[in-house]
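In: based on what follows, work out the 3D shape:
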Amino acid sequence: MKYYAVIDTNVIVSSQLSSRADSPIVQIWDLIMNGDIIAMFNEDILEEYEQVLLRDKFNINTQKVQEIISAIKVRGLSCERCDCELDIQDADDKKFVEVMLSRDDSYLITGNLKHFPSNSRIISPADMIMIIKANIQESSLLNEPGSEYMSDKKREILNKAIAATLEIRQSAKLDGIAEMDIADIDRIIREYRNGKKK
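Out: A predicted model of the protein is given here:
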């Protein structure tokens, strides 16, 4: 079964920095790379991913960031924004909800639920993992193949992104920023957004 989800920037950044392979955030990234979660995006979301990953604090080089963004494009789904009437504290978070609303069967996965209104489709990484596990347990037969045919070019892009992620995680451990608190990551995201508004 495929799951469609918009991935909040804090989850993307945390998935690259985390050294814990069993953490829900890392599992979300692995599910995106496996094609089990289809990451929904638009150009505004990709731009935010790229610019936040390039922040000096994370010490990730441009090539590695490009490999990650390319993999999201290859495995993901470009979507239009749909008007949203939900009350969202930060106008910059609205794009994530509006892209989620472009599909009725999609989720928004965020590491900081308090930034969004209460909604059954806006969930944490741990919630998404629980949903997937529950669906697997309910059915012993999978309706879809585990991996689809992939061109050599797409496979090369994904392999580069996986290698880049592993290298970023190792560097994050050495630099002491692995397992950075989600609040610290959110602060860096807000700094980027505030700088963009000026």
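
In: so where is this structure shaky, pLDDT-wise?
Out: For the chain, the stretches with pLDDT under 70 are 138-149.

In: show me where the chain has strands.
Out: Ranges of strands in the chain, per DSSP state E, are 3-7, 37-41, 77-78, 106-109, 122-123.

In: now distance to I69 and mean neighbour count too, for those, in a markdown table please.
Out: In this view, the C-beta of every residue, glycine as well, is placed from N, C-alpha and C. Compiled in a markdown table, the strands of the chain are given as follows (distance: least, C-beta to C-beta, whole Å; neighbours: other C-beta atoms under 10 Å):
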| stretch | distance to I69 | mean neighbour count |
| --- | --- | --- |
| strand 3-7 | 12 | 24 |
| strand 37-41 | 9 | 22 |
| strand 77-78 | 12 | 16 |
| strand 106-109 | 18 | 24 |
| strand 122-123 | 24 | 20 |
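
In: between those strands, which one is nearest to S70?
Out: strand 37-41 (12.2 Å; C-beta to C-beta).

In: what's the closest one packed up against?
Out: Judged by 3 or more C-beta pairs under 8 Å, 6 or more residues apart in numbering; DSSP states H and E, the packing partners of strand 37-41 are strand 3-7, helix 24-34, helix 62-75, strand 77-78, helix 94-100.

In: contacts only, for the spatially closest residue to F96 that is not a sequence neighbour.
Out: Nearest non-adjacent residue to F96, counting by C-beta to C-beta, 6 or more residues apart in numbering: V6, 5.0 Å away. V6 makes contact with 39-41, 45, 96-97, 99-100, 106-109, according to C-beta atoms under 8 Å, 6 or more residues apart in numbering.

In: same question for T62.
Out: L54.

In: gap between it and E50?
Out: 9 Å (C-beta to C-beta, to the nearest Å).

In: where do the helices sit along the chain?
Out: 9-17, 24-34, 43-53, 62-75, 94-100, 125-138, 152-175, 182-197 (DSSP state H).

In: ok, now which ones touch the closest residue in space to I12 that isn't next to it in sequence?
Out: In this structure, I12 finds its nearest non-sequential neighbour in Y49, 5.3 Å apart by C-beta to C-beta, 6+ apart. Applying C-beta under 8 Å, 6+ apart, we find Y49 in contact with 9, 12, 41, 68-69, 72.
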